[in-house]
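>>> Model the following, please.
(chains A and B)
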There are 2 protein chains.
Amino acid sequence: MQRIESLERLKQEFQKLPGIGARSAERLAFHVLREPRAQAAALAQAILDVKDHVKHCGTCFNLTEQDPCAICSDPQRDSGELWVVEQSKDVMALESTGLIHGGYHVLLGRLAPLEGIEPGDLTIDALVARVKGGQVREVVLATNPTAEGDGTALYLESLLSGLGVRITRPARGLAVGSQLEYATPGMLESAIRGRTPM
Amino acid sequence: MQRIESLERLKQEFQKLPGIGARSAERLAFHVLREPRAQAAALAQAILDVKDHVKHCGTCFNLTEQDPCAICSDPQRDSGELWVVEQSKDVMALESTGLIHGGYHVLLGRLAPLEGIEPGDLTIDALVARVKGGQVREVVLATNPTAEGDGTALYLESLLSGLGVRITRPARGLAVGSQLEYATPGMLESAIRGRTPM
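Numbering: from 1, shown residues only, chains lettered A, B, ... in the order given. Below is the predicted model of the structure:
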């Protein structure tokens, strides 16, 4: 059986990526083989650039190429309002709405005792220090509406409640655009309990 | 809206790969961001290595890292038997059976008049030259059993039929392991016309 070493190795490397099986890895490897070298080199360079240029902001721990990040160093942002999220993807999701005028604090995860993820593994100390710094008026605990996200929010509330800031969390209820018949029990419960006058 | 340039660029590069949409590209980019740099560098290097080390064998046009390829330079191979296929993947498929003792000739495509792919675009001249070289006894036209593959085989037969070699093609019929009720008309027709005594 004939083997082309570098092609086999590329297949193996592609296969280590999430969601890429043996078939996809082969298709990708052959695609790279056929495309112009400049195109393949651009992909290789982009991979290295991400590793070399992207880091965590020293203030909010969001992903950034500069420290402090563009949001933390933006004087237009309201530093009195802090949105606490689990990960950078959540910052991107919130930013995409254009509705957030405050800053962020990325926990870099959530408390998960079963996985051994404890407060010391997250950026909680830095959050408490930022709040104690005195500029913050409101902390929005925007962790995921899951058991672990809620547990993390509850823990953070216990830490921050004595520090004289307003502590809130995003509204919950029916997903806009969804259908009532397909709503989960959790969605329905939050919608019913949190019903508001029209 | 905050943008991390190198992360955006990696997403775009991933999205140029076949079968990778915006969502997958984002997932892959974040995976690269999280994995150890050595792992990301291995992927980047594997991409470049394929471009730099893999070429076509000057004799059979199969993909190889050395020229002539491992098959063409193997003295154990029967150079009197030539399997003509459309692409390198077909060589791999045939080789995986362990049943081929001859050599190959990769056409690097098939005739497709509608796409403007003509005889001059394939490695047909080189095939004719190899057959005229005199060592070849049998040419197996193992192009795909499709309209274009069959058309290509027919054209090759017309070129090679005067050169004193045996010209054959792989057997057709029911796919082993398939079910009769799901067989296509083409499979059934070839199975019926080509029926053999038990």
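
>>> and the residue nearest the centre of chain A, how far is that from B:Ala40?
By Cα atoms, centre = their mean, the mean C-alpha position of chain A lies nearest to A:Gln87, the distance being 2.4 Å. Using Cβ to Cβ, to the nearest Å, A:Gln87 is found at 19 Å from B:Ala40. The C-beta positions use only the backbone N, C-alpha and C, and glycine is treated the same way.

>>> can I assume the residue nearest to the centre of chain A is in contact with A:Tyr104?
No - under the criterion of Cβ atoms under 8 Å, A:Gln87 is not in contact with A:Tyr104, lying 10.7 Å apart.

>>> Around A:Gly58, how many other residues sit close by?
12 (other Cβ atoms under 10 Å in any protein chain shown).

>>> and it, which of the three is it?
State at A:Gly58, reduced to three classes by DSSP: H, G, I helix; E, B strand; the rest coil: coil.

>>> now the helices for chain A?
For chain A, the helices defined by DSSP state H cover A:5-15, A:22-34, A:37-53, A:88-95, A:124-132, A:147-160, A:185-193.

>>> Let me see the mean pLDDT of the longest one.
If you average the pLDDT over helix A:37-53, you get 95.

>>> So what touches it?
Residues from elsewhere that reach helix A:37-53 (Cβ atoms under 8 Å, 6 or more residues apart in numbering or on different chains): A:32, A:65, B:5-7, B:9-10, B:12-14, B:16-17, B:29, B:32-33, B:37, B:40-41, B:43-45, B:47-48, B:50-52.

>>> Near A:Ser161, how many residues? Count them for me, please.
Neighbour tally, A:Ser161, other Cβ under 10 Å: 11.

>>> Could you chop chain A up by domain?
In terms of domains, chain A is parsed into A:5-53, A:75-197 (source: automatic domain parsing).

>>> sorry, back to before: next, the contact list for the residue nearest to the centre of chain A, please.
Counting by Cβ under 8 Å, 6+ apart, the residues that A:Gln87 touches are A:106-109.

>>> quick one: which of those residues is nearest to A:Thr146?
A:Thr146 has its nearest neighbour among the contacts of A:Gln87 in A:Gly109, at 12.7 Å by Cβ to Cβ.

>>> So that closest one sits against A:Glu86, correct?
Yes - between A:Gly109 and A:Glu86 a contact is recorded at 6.2 Å, counting by Cβ under 8 Å.

>>> More neighbours: the two, which one.
A:Glu86 (21 against 16).

>>> now that one: how far from B:Val85?
Using Cβ to Cβ, A:Glu86 is found at 52 Å from B:Val85.

>>> mind listing what the longest strand along chain A pairs with, with the direction of each?
Across chain A, the longest stretch assigned as strand under DSSP state E is strand A:78-85. The strands that strand A:78-85 pairs with in its sheet are strand A:102-106 (parallel), strand A:138-141 (parallel) (by DSSP bridges).
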